[in-house]
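K.L.:
Structure here, sequence nowhere to be found:
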């Protein structure tokens, strides 16, 4: 639409047409809507439609002239020639300005009326033949014309006065115009007329007839403005009447109180006062509540602010200012409850028992701020529920994923309609205690936008030194959160803002081993799914070999979420057979398993065998869903020294590849290649599953080993994986996520892992059964990595030609 707001112009701006300007018969045409341009008018137009932009550009390329015609239906974005009025105005473009949103703002001056004779083209812009309409020359002003002009001026002044838009400048211009036609055009452009009515004025050629038409429309507009002014006056009188009624009601209420004849509203106020006296809360809170109650008592029950104050007082009564649940301080019972709900997780269980022990000895201890970080499905949320049950506290869960409004945490100020406290106080109102286990789920997925930063608002909530005086915008009073046990969960800690992470005690939850998954399935998952399916435990028999096959071939995860889904599907299949009349028991065999769950979803571990394939090395990566294998392939090709990196690698992995190449170039002599060898070959490093983005420094030694293997023609030992960052000097730097990576290697049948020497301290976190199945070799330099991976140092090749590499498909990080 080329004219977005027809009221942006100032029709009082009237200019004179340029002298001795010859208007051609063929001009570009631009359709406008909601406005009719009158003679001599200077008006800004906003041009946005492509056809209108073309018309403006064509005019600018010529004499800066174009024809402006109003369209009949302003809602049409692409009007045809039949949708336009025939009479319009030839205008000159005086100035153009390109706006940031791509539109044009043009300032045009109307020069002469014209009628469309013929439409020559409609695309890409209108181009028409036109006939100029000459304005009849004004003769001597007759008595009738003078009287009509005075009437028009007076009516225009009355209308502007009634609307409150009386402009001295505009009235001065109107009073100084002595030509009836120009007066009609100026007055018509300043009335709030429909486009069709303004078009009637434009198409009336005779000046006197045009002025009579304007006078007729002025009479109608004057009546409308008079009625409108009366309506506004009546509304003010109604407001005054309502105020008088309010004072009278207050006097009546005072008389009733004197007579002892209280109404329902008074009883309601008395009930609120009684509840406030009974409610246990801090002195400052009770003082504010009583103050608000007195304000409510002085108000009429129908007043709009009365409902706001009543809701505010209700929140004083509903919040658990001093209401606490009693902690279960029997450590043996608490340990038994934790063991009943979760297998393993000894570090977390010990931390909870430590808190209970301190709480037993010191009743004034503050609630801890704990953050569980781990992949999905390892039991972070359910662990919070188990902690609440072990401590005898109530549990409340708040999901922070996708939260972008700071008011969700701090609440809205009471000046806004529909204001309410934040989700923190709402949760405490729900559990009715001030010391629940409060879980803030998915804290690593908090967002931010123009409404504020929720993670910054959480700084006060999760700081033990500050949350004792947490201030919600709605309540506008300190509330003690120090007794609340906050537990947050996250899939990764690097996306949590640093100041927020610093306030929390981070506990890592890694994935489970095969033995742990089997124990969890036997103890928790299978009984739960059997009960959910409505069958008896005796009707399902699942041998350990079948359970292992489900874990290995139908799930590939750090947690047990998909494992529970698979067990649930098996139970539902058996439930259907029982519902159809079967008695069981049903033994799940290998054949029945594939019938229930379909063919295996994941390939056997032999897929990662790298023996006999130079240039192919298995690395280990960490993702949000746990550890993953990362197979890196390297090929040496004839070329000019280029390094090709594919597989949607991130900047850090690209830098690792550059460092690997630089290290290999420095070891050209030990590789047995000439110094100019790297200038005569192209090196292609590829990480399969190219649709998945990959990044991180821990693939450094893997890329370097793959490059060594490809150049030397020696294959890496089978069932070996590695992880570590590499430097230009060949030093191996430590990495993170060792336990998750080790679990991924175990799932894939890896028996040997090369790790940085500085990561030896992390081996204590790896379960003992995993350390028995995997051999860990600490290394401090790439020379040690090459020695472990390739055996002896590579001999110089007899022929300096690129080595071939095998093409093995790998399972990239999820």
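P.N.:
Perfect, I can see it now. It should be emphasised that the depicted structure is a prediction, and the values quoted were computed from it without experimental measurement.
K.L.:
A strand includes residue 421, no?
P.N.:
No: membership of residue 421 in a strand is not supported by DSSP: H, G, I helix; E, B strand; the rest coil, which gives coil.
K.L.:
can you map out the helices along the stretch 151-300 of the chain?
P.N.:
168-176, 180-190, 195-203, 207-259, 264-278, 283-298 (DSSP state H, counting those that start in this stretch).
K.L.:
Adding distance to residue 369, mean pLDDT and mean neighbour count as columns, could you present the ones you listed in TSV?
P.N.:
Using the backbone N, CA and C atoms, a C-beta is placed for each residue, glycine as well. Listed next are those as TSV, based on distance: least, C-beta to C-beta, whole Å; pLDDT from 0 to 100; neighbours: other C-beta atoms under 10 Å:
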stretch	distance to residue 369	mean pLDDT	mean neighbour count
helix 168-176	67	76	13
helix 180-190	67	79	24
helix 195-203	65	84	19
helix 207-259	51	74	13
helix 264-278	33	81	13
helix 283-298	25	87	15
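K.L.:
In CSV, list those along with distance to residue 51.
P.N.:
CSV is the format used below for the helices of the stretch 151-300 of the chain (distance: least, C-beta to C-beta, whole Å):
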stretch, distance to residue 51
helix 168-176, 34
helix 180-190, 25
helix 195-203, 19
helix 207-259, 31
helix 264-278, 65
helix 283-298, 62
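K.L.:
With respect to residue 423, which of those helices lies nearest?
P.N.:
For the helices of the stretch 151-300 of the chain, proximity to residue 423 was assessed by C-beta to C-beta; helix 283-298 is nearest, at 20.2 Å.
K.L.:
tell me the angle the very next helix or strand once past that closest one makes with helix 283-298.
P.N.:
Using DSSP states H and E, the next helix or strand after helix 283-298 towards the C-terminus is helix 304-318. Using axes from the mean of the first three to the mean of the last three C-alpha atoms, to 10 degrees, the inter-axis angle of helix 304-318 relative to helix 283-298 is 150 degrees.
K.L.:
The nearest residue to residue 738 once chain neighbours are set aside: how many residues sit nearby?
P.N.:
Using C-beta to C-beta, 6 or more residues apart in numbering and skipping residues adjacent in sequence, the residue nearest residue 738 is residue 762, 4.6 Å away. Residue 762 has 18 neighbouring residues, counting by other C-beta atoms under 10 Å.
K.L.:
re the thing from before, the helices of the stretch 151-300 of the chain: which one's closest to residue 477?
P.N.:
Among the helices of the stretch 151-300 of the chain, the nearest to residue 477 by C-beta to C-beta is helix 283-298 (5.7 Å).
K.L.:
Could you list every helix and strand in contact with that closest one?
P.N.:
With contacts defined as 3 or more C-beta pairs under 8 Å, 6 or more residues apart in numbering; DSSP states H and E, helix 283-298 has these neighbours: helix 264-278, helix 304-318.
K.L.:
Now render those as TSV, adding distance to residue 227.
P.N.:
Shown next, in TSV, are the helices and strands packed on helix 283-298 (distance: least, C-beta to C-beta, whole Å):
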stretch	distance to residue 227
helix 264-278	40
helix 304-318	29
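K.L.:
Figure out which of the ones you listed is closest to residue 509.
P.N.:
helix 304-318 (35.3 Å).
K.L.:
The residue nearest to residue 738 against residue 735, yeah?
P.N.:
No: when contacts are counted by C-beta atoms under 8 Å, residue 762 is not listed as touching residue 735 (9.3 Å).
K.L.:
Just the pLDDT for the residue nearest to residue 738.
P.N.:
Residue 762 is assigned a pLDDT of 83 by the prediction.
K.L.:
Check the spacing between the residue nearest to residue 202 when sequence neighbours are not counted and residue 420 real quick.
P.N.:
Take residue 202 and drop its neighbours on the chain: the residue closest to it by C-beta to C-beta, 6+ apart is residue 36, 5.5 Å away. The spacing between residue 36 and residue 420, counted by C-beta to C-beta, to the nearest Å, is 50 Å.
K.L.:
Could you do residue 115 as well?
P.N.:
Plainly put, residue 115 is 63 Å away from residue 420 if you go by C-beta to C-beta.
K.L.:
which residues touch residue 587?
P.N.:
541, 543 (C-beta atoms under 8 Å, 6 or more residues apart in numbering).
K.L.:
That one bridge partners, please.
P.N.:
Note on residue 587: beta-bridge partners by DSSP bridges are residue 541.
K.L.:
Need the pLDDT of it.
P.N.:
With respect to pLDDT, residue 587 has a value of 86.
K.L.:
Ok, the one 3 residues further on next?
P.N.:
As summarised for this prediction, residue 590 has a pLDDT of 83.
K.L.:
That one: how many residues sit nearby?
P.N.:
11.
K.L.:
tell me the contacts of the closest residue to residue 178 other than its chain neighbours?
P.N.:
Leaving aside its chain neighbours, residue 178 sits nearest to residue 141 (7.1 Å; criterion: C-beta to C-beta, 6+ apart). If you count contacts by C-beta under 8 Å, 6+ apart, residue 141 has them with 149, 178, 180.
K.L.:
want to throw these into TSV with distance to residue 534?
P.N.:
Formatted as TSV, the contacts of residue 141 follow (distance: C-beta to C-beta, whole Å):
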residue	distance to residue 534
149	94
178	97
180	93
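K.L.:
Could you list the buried residues of stretch 640-652?
P.N.:
For stretch 640-652, the neighbour count (16 or more other C-beta atoms under 10 Å) marks 643, 645, 647, 649 as buried.
K.L.:
repeat for stretch 489-502
P.N.:
By neighbour count with 16+ other C-beta under 10 Å, stretch 489-502 contains the buried residues 489-491, 493, 496-497, 500-501.
K.L.:
what's the span of it from first residue to last?
P.N.:
Chord length of stretch 489-502, first to last residue, is 15 Å (C-alpha to C-alpha, to the nearest Å).
K.L.:
outside of that stretch, which residues touch it?
P.N.:
371-376, 380-381, 384, 439-445, 455-456, 458-459, 462, 506, 624-625.
K.L.:
Among those, which ones are in helices?
P.N.:
Among these, the residues falling in helices (DSSP state H) are 380-381, 384, 455-456, 458-459.
K.L.:
And residue 36 and residue 420? Which one has more around it.
P.N.:
More neighbours surround residue 36 than the other of residue 36 and residue 420, with 28 against 16 (other C-beta under 10 Å).
K.L.:
so where's the stretch 501-650 of the chain shaky on pLDDT?
P.N.:
By pLDDT under 70, the low-scoring segments of the stretch 501-650 of the chain are 603-612, 624-626.
K.L.:
80 instead?
P.N.:
Applying pLDDT under 80 to the stretch 501-650 of the chain flags the ranges 509-516, 556-558, 583-584, 602-612, 622-627.
K.L.:
now swap in the stretch 1-150 of the chain and tell me
P.N.:
In the predicted model, the stretch 1-150 of the chain carries pLDDT under 80 at residues 1-21, 102, 135-145, 148.
K.L.:
which stretches of the stretch 451-600 of the chain form strands?
P.N.:
Here the stretch 451-600 of the chain has its strands, by DSSP state E, counting those that start in this stretch, at 470-471, 478-479, 485-490, 505-508, 540-541, 586-587.
K.L.:
Any idea which of those strands gets closest to residue 774?
P.N.:
For residue 774, the closest of these is strand 505-508, at 19.2 Å, according to C-beta to C-beta.
K.L.:
Run the chain-centre distance for that closest one.
P.N.:
Centre-to-centre, strand 505-508 and its host chain are 26 Å apart (C-alpha atoms, centre = their mean, to the nearest Å).
K.L.:
Neighbouring strands of that strand in the sheet, and parallel or not?
P.N.:
Using DSSP bridges, strand 505-508 pairs in its sheet with strand 369-373 (parallel).
K.L.:
tilt between the partner strand and helix 454-461?
P.N.:
Using the same axes, to 10 degrees: strand 369-373 against helix 454-461 is 140 degrees.
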